[in-house]
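S.K.: What follows is a protein structure lacking sequence information:
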């Protein structure tokens, strides 16, 4: 499960690129109760979505040439330069070379072998998100990919991920967790692109946010100008999920999780 006790290979940051940061702030504020706090002037317009004073995500305005509105997930690395080099050697791409972000850390934007982009974050002053798994915060990730074995191999080489198969009637679900950790540390899954219920044409990362009521969240998203990509659906022993898009097209999912058994 996700935790703020970040280790190498675990997701430790998430941010939104949007053409209208004020409009996005209004949408996510109405949906999750987030408040947007602008960063310092030298941050170039980057700011922080906060939940009860804790950072749940980052965000900034992006131009059309920077790509469509989207969420980007970042994974922890002890050495951003070495990880970027490993990605290239594993037939991935470095989209944005490693760079220092003030004194907060060092980042890069990469793409895997299928062209799916993701970030890496080498912590300094900022270790990662302040809150995960609480209502209104990140709780799970899914990678939709055209080649599951190739994706698993790439991320194992670059970030040290290990995979496990969770079986269910009619199939199996591939989960991922940081190297050297138990399955309880799993934070996401890898899904074949042909199993994407929204029929996306390309691979992508999909962040999930915990909510108290999936159906009410879907209704509220519509009221705020969002769209429903996948209606509320029950997953046995997992929870009730839905996939949404904000008013600008950035896609994400919500879930009311089944309580964990002690």
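M.R.: The structure has been received and is ready for your questions. Only a predicted model underlies this, so the values are computations on that prediction, with no experimental measurement involved.
S.K.: so where's the stretch 101-250 of the chain uncertain?
M.R.: Along the stretch 101-250 of the chain, the parts satisfying pLDDT under 70 run over 183, 197-201.
S.K.: hey, where'd the strands end up in it?
M.R.: 105-111, 117-123, 138-145, 162-168, 171-177, 188-192, 204-210, 227-235, 239-245 (DSSP state E, counting those that start in this stretch).
S.K.: Looking at the ones you listed, spot the one closest to residue 152.
M.R.: Proximity to residue 152 (CB to CB) singles out strand 162-168 among these, at 5.1 Å. Every C-beta, even on glycine, is put in place using the N, C-alpha and C of the backbone.
S.K.: what does that closest one contact?
M.R.: 152, 156, 172-179, 181, 183, 186, 190, 236 (CB atoms under 8 Å, 6 or more residues apart in numbering).
S.K.: picking up where we left off before, Serialize the strands of the stretch 101-250 of the chain to JSON lines and add fields for distance to residue 61.
M.R.: Shown next, in JSON lines, are those (distance: least, CB to CB, whole Å):
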{"stretch": "strand 105-111", "distance to residue 61": "17"}
{"stretch": "strand 117-123", "distance to residue 61": "18"}
{"stretch": "strand 138-145", "distance to residue 61": "21"}
{"stretch": "strand 162-168", "distance to residue 61": "36"}
{"stretch": "strand 171-177", "distance to residue 61": "31"}
{"stretch": "strand 188-192", "distance to residue 61": "27"}
{"stretch": "strand 204-210", "distance to residue 61": "19"}
{"stretch": "strand 227-235", "distance to residue 61": "21"}
{"stretch": "strand 239-245", "distance to residue 61": "18"}
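S.K.: what about residue 224, how many neighbours?
M.R.: Applying other CB atoms under 10 Å, we find 17 residues neighbouring residue 224.
S.K.: what's it in contact with, if anything?
M.R.: Residues near residue 224 by CB under 8 Å, 6+ apart: 26-27, 30-31, 247.
S.K.: if I look at residue 248, how far off is residue 229?
M.R.: 14 Å (CB to CB, to the nearest Å).
S.K.: Tell me where the chain has helices.
M.R.: Assigned by DSSP state H, the helices in the chain fall at 21-32, 80-89, 148-159, 214-223.
S.K.: Surely residue 105 touches residue 128?
M.R.: No - counting by CB atoms under 8 Å, residue 105 does not reach residue 128; the two are 9.0 Å apart.
S.K.: Overlap of the contact sets of these two?
M.R.: residue 121.
S.K.: What about residue 226, how many residues nearby?
M.R.: 23.
S.K.: For it, grab phi and psi.
M.R.: phi -80, psi 180 (degrees, to the nearest 10).
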